Every structure is written in C-alpha cells, then in structure tokens.
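>>> Generate a structure from the sequence data that follows.
(2 chains)
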Amino acid sequence: MKLPFLNRMPDAEESGQRVRSARTTAFVSGVFSLWVGASLVWNSLQLRVANPLDSVQLAQLKKNLEQQPGDESLKLQIRKLDYQLRREFSGRRKMNVNGSYLLLAGLLALLASLKVIENHRRQLPMPQPAARDPEGERGRARLAVSGLSGVLGLLVVWGCLADRPLSGEGAGASGGSDAKASYATADEMKKEWPRFLGPGGAGLSAYTNVPQSWNGKTGQGIVWKAQIPLPGHNSPVVWKESVYVTGATATKREVYCFDTGSGKLRWKGEVKGISGSPTKPPAVMEDTGFAAPTCATDGERVYAIFANGDFAAFSPDGKLLWGKALGIPEVNYGYASSLVTWENLVFVLMDQGYPDEGKSFLRAIDGESGKTVWEKSRPVASSWTTPAVIEVKGKPQLITCSDPWVIAYDPKSGAEVWKAQILSGEIAPSTAFAGGQRADPLLFFIEPYSRVVAVKADGSGDVTHTHVAWEAFDGIPDICTPVTNGELLFLLNTPGSLTCYEANTGKKVWEKELAMDFKSSPCIAGGKLYMLSVSGKMIVVTAGRQFKKLGESELGEECTATPAFLDGRIYLRGEKNLYCIGS
Amino acid sequence: MSAPKGNSGDRREFIANGVRGLCLLSLGGVGGLLLDRAQADDAVWQIDPYKCISCDRCATSCVLDESAVKCCHNFSMCGYCDLCTGYFEPEPNALNTGAENQLCPTGAIQRKFVEDPFFQYTIDEKLCIGCAKCVKGCNMFGNGSLHLQIQRDRCVDCNECSIARVCPSNAIQRIPLARSYLPKGREEKSS
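Numbers count the residues shown, from 1 in each chain, chains lettered A, B, ... in the order given. Below is the predicted model of the structure:
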C-alpha cells in the first residue's frame, strides 16, 4: 500500500510555519544553553574560590568547642553548619554533573533547529539534461567504487600483515628470507663493539692487533681526541665508521656519533619530547650521573637509555626513530644497567626496589617498531648489572643477575630457562663467561666484597643446589665485571687487587696489588688483559698463568668507562673527551 | 518550479552519498588504526603509598572535577582502634560520630562497632574527595592503613598526569597495566 503523504512536498505556508517554530526553538535552546553554561562556570568558580568545605566559620566553632567542651548547643550548631556545608558542596557537585547534561541537551536542540532552518532554505537542484553524460558518470562511478574497494582491500591486507609477530623466522638475519634483515648477523656483531663489554658482553675482543702503549700528554699513539658535549659514565660503542656515546644532565639527554676516522662529531641526537617523560629529574649520585647506561646497536639502529627512564632509538644518520618513557627507575645512586641487543630485540633490565615489591622487570622491545614483544616481572632487588646473551647447546640464553636471583631467559619468548638463588647485596658487576667453548659453559657471578660463584648454564628450573660448580672468596670486586678467556678468570676490584682463578676449578692461580683505583671493567684482547684505572692509566698484563706486566700507558684524564677494542684501535672515554688510540 | 521527474537523479545522489560515506568510513578506520598504533605501551598512573606525603594536591590538581584519587583502606594493616587518628580530629570532644569530632570534611569514613574495643572504618568512595586528611592522621599516629590511590575506573589516563606534575614527592608513577594497583601493605604486594 502506498502512503500518500510520503512523497508529498510541503507547501509554502507549512514550510514557513516549520521555519518559524525552528527559529523559536533555536532561540530558546540557544539562550538556555548560554544560561546553563554561564551557571556551570559560575558554580565551578564558586567551588574553587569559596569551597564550602573550607568554611572559616566551622573551623572557628570547632575552636570554640575546644574552649567549652561541654557546651551542647555549640555542638548542635557545629553539626547543623557541617550538614549545611556538606549539602551545599554535594549540591554544587551534582549541579556540575546535571548541568553538563542540560547543556548537552540544549546544544543538541539548537543544532537540530538550525539544521531544520537550513534544510528549508535549501533550493532544489534543477539538473540540465544536456549536460548529463550518463555513460561517463556510470563509468566514473564504477571506477570510484573499484578504486575504493582496492584501497580497502589493501588496508585489510596491510592490517593483517602488520599484526604478524615481528620476531618471526622470516625476519631473522639467517632465516633464509629474501627480505633484508633489520639487524646485523651474529658474525657482523663479533667484528664490532656493539654494546657494553663488546660482542655478547664477554669483554673479549676479536682482534689481536690492539695497541699496547700510548701517551695522552705527548700525543704519542693518539689518533684523535674529541670533546664530548655532555657528561656521562657510559662506555663507547663502535659500529663500522661510527663511535656512539651518550651524555646527559638533569635537563638534557643526548646521543653522539663520532667518525672513527677523524673523530669529527657526525651527529648528535637529543632525546626530547618523549611522551610521558618525567618532568622532574631523578635523584642520582655524582658517581653515577644521568647517563651511566651504555648505548647499544644492532647495526641498523642505535639505542640509548638515561637515568630518568627515557629510552630512544636513532637511525645511523641521527634521526630519532622512536622514544618511550619507562618512568624513573627506583634505584639508589641512579640507573646504570646498559642496553643489550639480540636479533631484532633490545632488552631493558629495570631492576628496582626490593625483591618482594614486584617493581623489577625485563622488557624485550622490537628495535624497528619500538613495540614491546614481551615483558617479565622479576622477583629481585635493584641492580646495576647488564644482561648477556650466551649460547648453550645451540640455544640462546639471556643471563641476568641480581639480588637474590640469577635468572636465564629464552630471549625470544622471555620464558625462564633456569634460575639460582645465589646472590645478595647491591649487585653491580655483570656476568662473566667465555662463550660457547664448552657444552655446559660456566658463568661467573659476583656477590660484591663477598664471593665469586661459578654456575653451569645447562640446567633447567631452580638450579640453586645442583649447578653451582665452585665459589671463591678472594679479591672480589664491587663494580668491575670480571673477564675470562675460558681457561682463567680475572677479577679486578676497585682498590686495584687483581686475582686470577682457574675457570674450571676455582683454584686461585695468582694475585697482584696494582695500587690504584679501578671502575672500568677489564677486557682481553690478543691474549692480553687491559685494565684502565680511574686516573687514566692503562695497565696491560699477560692473560696467563703467571703475572707479567706488558705495559703501562698514561692518558692524562680520569676514566670510569670501559674501552672498546677494535681492529688496531682502542676507543676510550675520558671524563670529558673521547680518544682513539692507534697508529 | 516543479520537481524533476524520474528517479535517475536520486540514484546517482544515492551512489554519490554512498561513496562519500564509504570514504569517510575508511578514513575513520585508518585514523583509528593509526591512533591504536600510536598509543604508548599499556601503563597506568598509580601512587606509591610509601612516597605519598598526604599534601592534598591530589584533591585539587586532577583534571576531573571529582578527583580520580580516593582514599583506600587496608583492613589487614588497620588496628581497628576506638580512637582512630584518621577518623577523629586531634583531641576529639568525644569518641562518637558527631560532626564536631570527625576529621573527614565530607563524612566519607563510616565508623562501625565490631566488638569492644574495636571499630571498623570503611571509606565511602562516592563521598571521598581525596583530601588526604585521614591519611595524614592515620600515618602520624596509626598503622598507616589509610592511603590514597588513583582509582582505575575514574582515571582518564592523561598522557601526562596533572597531579604527577605537582606531586612534591614524586609519588605518582606509571606502572604496567598488568599490575593494576600499587596497594599498601606487604601482604598484597607479595600475593
């Protein structure tokens, strides 16, 4: 059945009536909205300026009651006034809420009336038949619909692809995929110094032609020297032609890239404008500063983190790729755990607070996108250590150490592989290991001032009582990470006591007092042990069963960072300058 | 003037409007997708109760008219005291619920007799304005069971919390969403 009024056009009189009533409605709702809005503003101001809960009169009455504690009429007066004030307060609050809805309703009525007026003003179009080209229009419409479908289809495909796991087999450097890997291969890593303590974090250089003597005062053996704009205790990281360091103050955080050939500052990138970055600087000790963590690179990007928890990635040409604020770490002295990369992931170790507070966590972030791939809560206290990725029976393990747990994770998924409750106190030295020379590699952990513990890394579950190979108690460091060549383990403590143990048995081989302070960790290059003192003196000894001093070189500047040992070069950070040692 | 005859114009208009609508929809979809990708990792603002100094700025600095910060009560820490220093004014006239004795300006704490000499104190969240007067009283002389916390159902998760900007003790921090709340008391923390 066809309803006659459906297609009926309103006549002029009817249309005029509608416009008139719409105009009246628009006027009334406009005035109403204005009035409600003004009332809301006035009410909010009243709540802020003369909050009933801050009544001076009530305070005075309560004071009077202290003088006359038995005055019942005064009590009654207080109760009455208190009731009035609370009522006024809650009334104003309610008015704010209800007023908002009224304002919304008024504005909706206003908009609807205006729309009606507008509709009645609109002139019907009078199309010209001659100008029409139905075939062409149909063709264009078909084209538009097809194009739009194509765009929507592409968006759907893109959305599906984007949600695929980023750490998939195909994305890996050795996955056999035709796509370019977004990170360097393990072999490429071994040739560079991509993180704190070099490839893998073992403190071992792949090169044997590392310089042995120089003089910072005369310039002998110094290839170049470059000033670092902002201070920091972090160590240099080297990738091909770039040396990366970071620097920060309470208000400014920067990443620097120096040219390995000339020492020229290629770029500096400021980490700023990070969403959620704390407005107040963290409390740090001068010895730690605002840039203690060493940056890390996967060959495609360089990652940096600072004491306030700001974390960022830069491209090799200095472009800020992404940044995130992890919040100020609750760590005494200041945050100092360095970043570590593995395949497409960057690991952030945030050990803070006490073990039972649940504040500590380990987070794996996809380097390319900055997205969190996995995160694990850690039942540990604050630590200043840096994780290491080792290989055990062909499988990677991410090793972390803190008070009280040493925990090994699967770096791909974050699953716990094994753990041992063996440490206590303020743990700053990181794990030492020789790396892949045994089927059950030994890892060495330091309990500051107390003991060194060797743990076999081939366990699973809680290995506290099953996998501790040996422990020893002499020459234990508090800051410096030990280093091992697989046969011998070298411990260097802050006052300069150097102790050598047999790595497999824990038998002490020799010890020597170097009589100077050390904060930088020792490293091995070309069978030689390099130790950089706080005063800037590099002591080189044979990494062997007898103590034999091979050289001593003065830099002339205080040093707390651990150097990077590359092909014929050492990159060394002083208090204010970056040095390249070589020939 | 008369209306044009035939339906071809209407059809074309319908198709054109449809295409426009689809364009708008797809634009909206792309915008939503980009917004979702641009979102920071899931983290929420919470107060570390052990850092909070009960300064009362939580009540006035929140972007919401009614602050998202409310008082919470850890019953396992509470002493159920008759003379509760979080409930009563200092040196109260009498230990009863008279307005002259109550510390809370909105009467948000309910005092209920349990057994002699114990009383249970419960927070009426609707009335609480987060002024921290009770928290201060409880921490000064009591067990510290009353504490302030940002209520997740109220907080709008501003990118930069306006209370965090003015918090004098840096007590407001971002924590992973999985942890939800930073409660006071070791029992909850270890659970």
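
>>> Could you show which parts of the stretch 201-350 of chain A are in contact with chain B?
Selection of the stretch 201-350 of chain A residues close to chain B by CB under 8 Å from any CB of the partner chain yields A:275-276, A:278-280, A:324-325, A:327-328. For the C-beta atoms, the positions are set from N, CA and C on the backbone; glycine is no exception.

>>> And the furthest pair within the residues you listed?
Farthest pair in these (CB to CB) is A:K280 and A:K324. Separation: 18.2 Å.

>>> and B:S169, helix, strand or coil?
Following DSSP: H, G, I helix; E, B strand; the rest coil, B:S169 is assigned to coil.

>>> For A:I539, give its distance to A:L34.
81 Å (CB to CB, to the nearest Å).

>>> Just the element for A:S113, please.
Assessed by DSSP states H and E, A:S113 sits inside helix A:72-121.

>>> so what pLDDT did residue 63 get?
As the question left the chain open, I've gone with chain A. Looking at A:K63, its pLDDT reads 91.

>>> that's the other chain; I wanted chain B
The model reports B:V63 with a pLDDT of 92.

>>> which residues touch it?
By CB atoms under 8 Å, 6 or more residues apart in numbering or on different chains, B:V63 lies in contact with B:156, B:158, B:162.

>>> quick one: which of those residues is nearest chain A?
Lowest distance from chain A to the contacts of B:V63 (CB to the nearest CB) belongs to B:C158, with 9.7 Å.

>>> Now that closest one: which helix or strand?
Using DSSP H and E, B:C158 maps to neither a helix nor a strand.

>>> Leaving out the residues flanking it, which one is nearest to it?
B:V63 (6.0 Å; CB to CB, 6 or more residues apart in numbering or on different chains).

>>> hang on, the earlier thing: compare A:I539 and A:L34 (neighbour count), which wins?
A:I539 (22 against 13; other CB atoms under 10 Å in any protein chain shown).

>>> buried residues in stretch A:212-229?
Residues A:212, A:214, A:216, A:221-226, A:228 are the ones in stretch A:212-229 that count as buried (16 or more other CB atoms under 10 Å in any protein chain shown).

>>> show me the contacts for the closest residue to A:E241 other than its chain neighbours.
Spatially, and ignoring its direct neighbours in sequence, A:E241 is nearest to A:T260 (5.1 Å; CB to CB, 6+ apart). Contact analysis of A:T260 by CB under 8 Å, 6+ apart lists A:238, A:240-243, A:566, A:569, A:571, A:580.

>>> burial count for the residue of chain B found nearest chain A?
Chain B approaches chain A most closely through B:A99 (3.8 Å), counting by CB to the nearest CB. Residues near B:A99, counting by other CB under 10 Å, number 19.

>>> Now do the contacts for A:Y183.
Contact analysis of A:Y183 by CB under 8 Å, 6+ apart lists A:173, A:298-300, A:341, A:343-344, A:367.

>>> least confident pick among the residues you listed?
Within the contacts of A:Y183, pLDDT is lowest for A:A173, at 38.

>>> Packing partners of the helix or strand hosting B:G31?
Element membership of B:G31 [criterion: DSSP H and E] is helix B:8-38. Counting contacts by 3 or more CB pairs under 8 Å, 6 or more residues apart in numbering or on different chains; DSSP states H and E, helix B:8-38 is packed against helix A:134-162.

>>> Next, count neighbours for the residue lying closest to the residue of chain B closest to chain A once chain neighbours are set aside.
Distance criterion CB to CB, 6+ apart; nearest residue to B:A99, sequence neighbours excluded, is A:D82 at 3.8 Å. As a burial measure, A:D82 scores 22 neighbours (other CB under 10 Å).

>>> Show the contacting residues for the residue nearest to A:Y83 when sequence neighbours are not counted.
Distance criterion CB to CB, 6+ apart; nearest residue to A:Y83, sequence neighbours excluded, is B:A99 at 7.1 Å. Listed by CB under 8 Å, 6+ apart, the contact set of B:A99 reads A:78-79, A:82-83, B:107.
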